[in-house]
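Asker: Structure here, sequence nowhere to be found:
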Ligand code: PA5
Ligand code: MN
């Protein structure tokens, strides 16, 4: 069996994981196919606006049996009336699960199975969310501050972004009367 070095890392409530070996940032242009209000996306981009939506700091490994640890910071904001969110993905290796640990801010996690059944849980400090095998997951910042959470998942899970990019989630999380509301996605399943 391959052995890997133990480590410890510093995790702050602002989402910094130190040391990390991967930093991924996603801006509006990276998410143009994901937000439902295409006009709002194109308006912003045509004005030269390309805001940072989220950043992930990760300590990743490669071998089966290991765990990746990643901290996500989703900035507060909306595109049209849809709150900023992560792309969302299924795991390529279906029999893998994941745990999210809320660090700061408030948000929701949308989970969805292959049949389009949706499950929603809160992400906030002092709460964990368990994502069982087979569910796609997307995190949404419904608050006015940064949403920060830690994710722990098997290193060989893999990310399938294509299914969600093409089909979307069956539900959208939007602001209605100043508050988050879950609505049906009128474009769900349209490739
Ligand atoms: O492992 C996870 O599920 C998270 O660390 C996500 O990768 C992270 O929140 C970013 O989301 P996505 O990978 O959908 O862009
Ligand atoms: Mn995942």
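Answerer: Thanks, I have the structure now. Please read these numbers as outputs of a predicted model, since none were measured by experiment. Numbering: from 1, shown residues only. Ligands and ions are numbered 1, 2, ... in the order given.

Asker: which residues of this structure score low on pLDDT?
Answerer: Scanning the chain for pLDDT under 70 picks out 1-2.

Asker: May I ask you to name the longest helix in it?
Answerer: Ordering each helix of the chain by length in residues (DSSP state H) puts helix 38-46 first.

Asker: helix or strand right after it?
Answerer: Sequence-wise, the next helix or strand downstream of helix 38-46 (DSSP states H and E) is strand 52-59.

Asker: Show me what counts as buried in that following strand.
Answerer: Using 16 or more other CB atoms under 10 Å as the test for burial, strand 52-59 gives 53, 54, 55, 56, 57, 58, 59. In this view, the C-beta of every residue, glycine as well, is placed from N, C-alpha and C.

Asker: same thing with stretch 160-171?
Answerer: Neighbour-count burial for stretch 160-171 flags 164, 167, 168, 169, 171 (criterion: 16+ other CB under 10 Å).

Asker: between the residues you listed, which is nearest residue 133?
Answerer: Distance ranking of the buried residues of stretch 160-171 against residue 133, using CB to CB, places residue 164 first at 16.5 Å.

Asker: In contact with the closest one, which residues are there?
Answerer: Residues in contact with residue 164 (CB atoms under 8 Å, 6 or more residues apart in numbering) are 34, 87, 88, 89, 90, 136, 138.

Asker: ok, now residue 52?
Answerer: Going by CB under 8 Å, 6+ apart, residue 52 touches 25, 26, 27, 75.

Asker: what about residue 31, how many neighbours?
Answerer: Applying other CB atoms under 10 Å, we find 18 other residues in the vicinity of residue 31.

Asker: was I right about it contacting residue 53?
Answerer: Yes. Shown here, residue 31 and residue 53 form a contact pair, counting by CB atoms under 8 Å, at 5.9 Å.

Asker: returning to that earlier point: could you pick out the buried ones from the contacts of residue 52?
Answerer: The neighbour count (16+ other CB under 10 Å) marks residue 26 as buried among the contacts of residue 52.

Asker: May I see the contacts of residue 52 arranged in TSV, with distance to ligand 1 and secondary structure as well?
Answerer: Output for these, formatted as TSV (distance: CB to the nearest ligand atom, whole Å; DSSP: H, G, I helix; E, B strand; the rest coil):
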residue	distance to ligand 1	secondary structure
25	10	strand
26	6	strand
27	12	strand
75	13	coil
